[in-house]
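**Q** Need a 3D model of the following:
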Amino acid sequence: MKKRSLPSACVDRAPSSVEAALEFWERVGNVAELWWSRHGGLDAADIAGQRLQALVAFARQASPFYKRLYADLPPAPRLETLPAVGKRELMANFEDSCTDPRIRREEVERFLADRARIGTTLPGGYHVWKSSGTCGVPGIFLQDRRAMAVYDALVAAHFDADAFDASGAAKIAAGAGRAALVIATGDHYAGIASWEHLRRAFPAPARGSCSPPSASRGGCASRRRSSGRAAKRSRFRPSSPSSRRSAAAS
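**A** The predicted model follows:
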């Protein structure tokens, strides 16, 4: 049976207000789940086990590649029993490894060839990332809205909520804080693609701009209003270890 292709007219698209709202609440739900699991309200092992079995069951059902790969596994396999898959093998079976039969590799590669589309999504809300290929084989990875909500929650989990008081949270929500994101730019890499998508979906809290790498500044910088003390901290430039050693020697 011939696969249906994704409608090309819908390839370059920004998230709608409804999609943005769904993404927001899915992020909130995942962050709440992580918070409760880290503070004893939920069993993290149970959550991880349920997510693993749901992923395996879905992959078996929707992906021809994983249906073949997992054919000899029990209905509820343990994580350590899952066969390892390398990037070379995944790229050789790209369409079969996808769980949406409409995905066509040539259309995804056409999307990736246009850097003006960084931060937009394919039909169905698929985010498209690529790797640089420094290990020999460039990778292409598609993520749906639910996967992105999980990734964002995991990033948010790095910040301990106890470290922020109510006034600090209010300032961040009002855009009065200042943050910097240092990532590789210039192509559909995961960091810049995710950031550009957030800027499109939530333009108020994600104000900022991306600057190309230079001798003194690299990556993407998100600039926000800051207080006087924050500005002083931002202007502080500690000397390098080598400079300190030279000064001590003299």
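**Q** CA only for contacts and neighbour counts going forward, please
**A** Will do.
**Q** ok, residue 60 - contacts?
**A** Contacts of residue 60 were listed using Cα atoms under 8 Å, 6 or more residues apart in numbering, and they are 66-68, 70.
**Q** now do residue 152
**A** Contacts of residue 152 were listed using Cα under 8 Å, 6+ apart, and they are residue 27.
**Q** quick one, strands of the protein?
**A** Assigned by DSSP state E, the chain shows strands spanning 127-130, 140-143.
**Q** what does stretch 38-57 rub up against?
**A** Residues from elsewhere that reach stretch 38-57, judged by Cα under 8 Å, 6+ apart: 33, 36-37, 76-77, 79.
**Q** what's the lowest-pLDDT member of those residues?
**A** Lowest-confidence member of the contacts of stretch 38-57: residue 36, scoring 73 (pLDDT).
**Q** Report how many residues lie close to that residue.
**A** Taking other Cα atoms under 10 Å as the neighbour definition, residue 36 ends up with a count of 14.
**Q** Report how many residues lie close to the nearest residue to it once chain neighbours are set aside.
**A** Using Cα to Cα, 6 or more residues apart in numbering and skipping the chain neighbours, the partner closest in space to residue 36 is residue 42 (5.5 Å). Residues within reach of residue 42, counting by other Cα under 10 Å, total 14.
**Q** And residue 40, by the same measure?
**A** Counted with other Cα under 10 Å, residue 40 comes out at 9.
**Q** where does residue 45 land on pLDDT?
**A** Taken from the predicted model, the pLDDT recorded for residue 45 is 86.
**Q** rewinding a little: please indicate which of the contacts of residue 60 are buried?
**A** With neighbours counted using 16 or more other Cα atoms under 10 Å, the contacts of residue 60 contain these buried positions: 66-67, 70.
**Q** Of those, which belong to helices?
**A** Counting by DSSP state H, the buried ones among the contacts of residue 60 place 66-67 in helices.
**Q** Out of the buried ones among the contacts of residue 60, the closest to residue 139 would be?
**A** The shortest separation between residue 139 and any of the buried ones among the contacts of residue 60 is 17.5 Å, and it belongs to residue 66 (by Cα to Cα).
**Q** before we move on, the earlier item: and the contacts of stretch 38-57 as CSV, adding distance to residue 60?
**A** What follows is these, written out as CSV (distance: Cα to Cα, whole Å):
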residue, distance to residue 60
33, 26
36, 30
37, 28
76, 11
77, 12
79, 15
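**Q** where does this structure have low pLDDT?
**A** Per-residue confidence of the chain (counting by pLDDT under 70) places the weak regions at 1-20, 23, 25, 156-179, 201-250.
**Q** For it, which segments count as helices?
**A** 17-38, 44-62, 64-69, 87-92, 94-97, 105-113, 145-156, 166-173, 190-201, 228-235, 241-249.
**Q** For residue 120, find the nearest of the ones you listed.
**A** helix 190-201 (6.2 Å).
**Q** and the angle for that closest one with helix 17-38?
**A** 120 degrees (axes from the mean of the first three to the mean of the last three Cα atoms, to 10 degrees).
**Q** Just the C-alphas of helix 190-201, formatted as PDB.
**A** The C-alpha atoms that make up helix 190-201 are tabulated as PDB, following Å, rounded to 0.1, in the frame of the first residue of the first chain:
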ATOM      1  CA  ALA A 190      17.200  20.600  18.900                       C
ATOM      2  CA  GLY A 191      18.100  23.600  21.000                       C
ATOM      3  CA  ILE A 192      17.500  26.400  18.600                       C
ATOM      4  CA  ALA A 193      14.500  24.700  17.000                       C
ATOM      5  CA  SER A 194      12.900  24.300  20.400                       C
ATOM      6  CA  TRP A 195      13.700  27.900  21.400                       C
ATOM      7  CA  GLU A 196      12.300  29.400  18.100                       C
ATOM      8  CA  HIS A 197       9.200  27.300  18.600                       C
ATOM      9  CA  LEU A 198       8.700  28.700  22.100                       C
ATOM     10  CA  ARG A 199       9.200  32.200  20.800                       C
ATOM     11  CA  ARG A 200       6.500  31.700  18.300                       C
ATOM     12  CA  ALA A 201       4.100  30.000  20.700                       C
END
